[in-house]
Each structure stands twice: as structure tokens, then as C-alpha cells.
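Enquirer: Fold the following.
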Amino acid sequence: MDITINTPALLFPAISLVMLAYTNRFLALSSRVRSLHELYKKHENPNIIHGQIKNMRYRLKLIKNMQTLGVSSFLCCILCMYLIYLQVMLFANIIFAISMISFSASLIVSLIEINLSTKAIELELSDMDGLEDPSVIEYLKKKFDK
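Expert: Residues are numbered from 1 along each chain as shown. I've put the predicted structure just below:
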């Protein structure tokens, strides 16, 4: 497959938007960690908060890996464009493939982090009565029965 200099350039907007989303997730999570850390210092029973902070520490590592993979994908696109400019097509194709794999891995790690995020929210809501989690079919039945 022959690629032009525009092919890796097509990934620039996608990578930029994903990196912005990753940064927003990181900022929100770091803010939550700081507030939980303050509660941990003041709380009589810090075991519950300790578990939440432990979960968030793992999620922060995932976000760091997401960002690292995204940046490496971006840099590989730039290198690929330079190699195309130099007309070294074999290496340009290899670097572009590495860029695509890195971007895909970043999205997969993001999916894992999103799943952990929703589990953490479910844990926080678990102590509230009347918030059972219905299946999608049960939810739709309730909506259409009204």
C-alpha cells in the first residue's frame, strides 16, 4: 500500500481530540484524588476511602499509559511524514503501522479505564437504597409500559 504525506496527517485531529479527552479525565481524577486524600486524613474509618484512592491510583496509571501511547502515536505520525518526505517508503509504512497500533492500544487502555470508572461510581452509589441496576430490557419495559 502506498501512503501519501496526507495519510498520517489525517490522524492528527483524531489524536489531538483523544489527547484532550485524556487530559480532562486526568484533571478530573486528580482533583477527586486530592479531595479524597483530605477526607482520608480527617476520616475515622479510612478503609473505605483508602480503597477508593487505591482504585484511583491504578486509574491514574492507566491514564498515564493512555497519554503515553497517544503521544507516541502522534510522534510516529510526524516521523512517518518526514520519512515520506525523504521518500523512504518502507520505513514510512512501518512507522505508520506502529502509529496505528499505538493509537489503537491507547483506545483499548481508555476503554479499560472507563470500565473501572463506572465500577467506581457504582460502588459509591451501592449504599443508597432504591437504586437497583435494572437490565436494559427491564429498563425499556418500564419506559414503554407508562
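
Enquirer: got a pLDDT number for the residue nearest the centre of the chain?
Expert: Central residue of the chain (C-alpha atoms, centre = their mean): residue 110, 2.7 Å from the mean position. Listed pLDDT for residue 110 reads 95.

Enquirer: Quick check: it touching residue 65?
Expert: No - Residue 110 is not in contact with residue 65 according to C-beta atoms under 8 Å; the separation is 9.5 Å. C-betas here are computed from N, CA, C, even on glycine.

Enquirer: what about the residue nearest to the centre of the chain, distance to residue 77?
Expert: 18 Å (C-beta to C-beta, to the nearest Å).

Enquirer: Could you do residue 97 as well?
Expert: Between residue 97 and residue 77 the distance is 11 Å, computed by C-beta to C-beta.

Enquirer: Could you do residue 101 as well?
Expert: For residue 101, the distance to residue 77 - C-beta to C-beta - is 12 Å.

Enquirer: repeat for residue 57
Expert: 31 Å.

Enquirer: All set, thanks.
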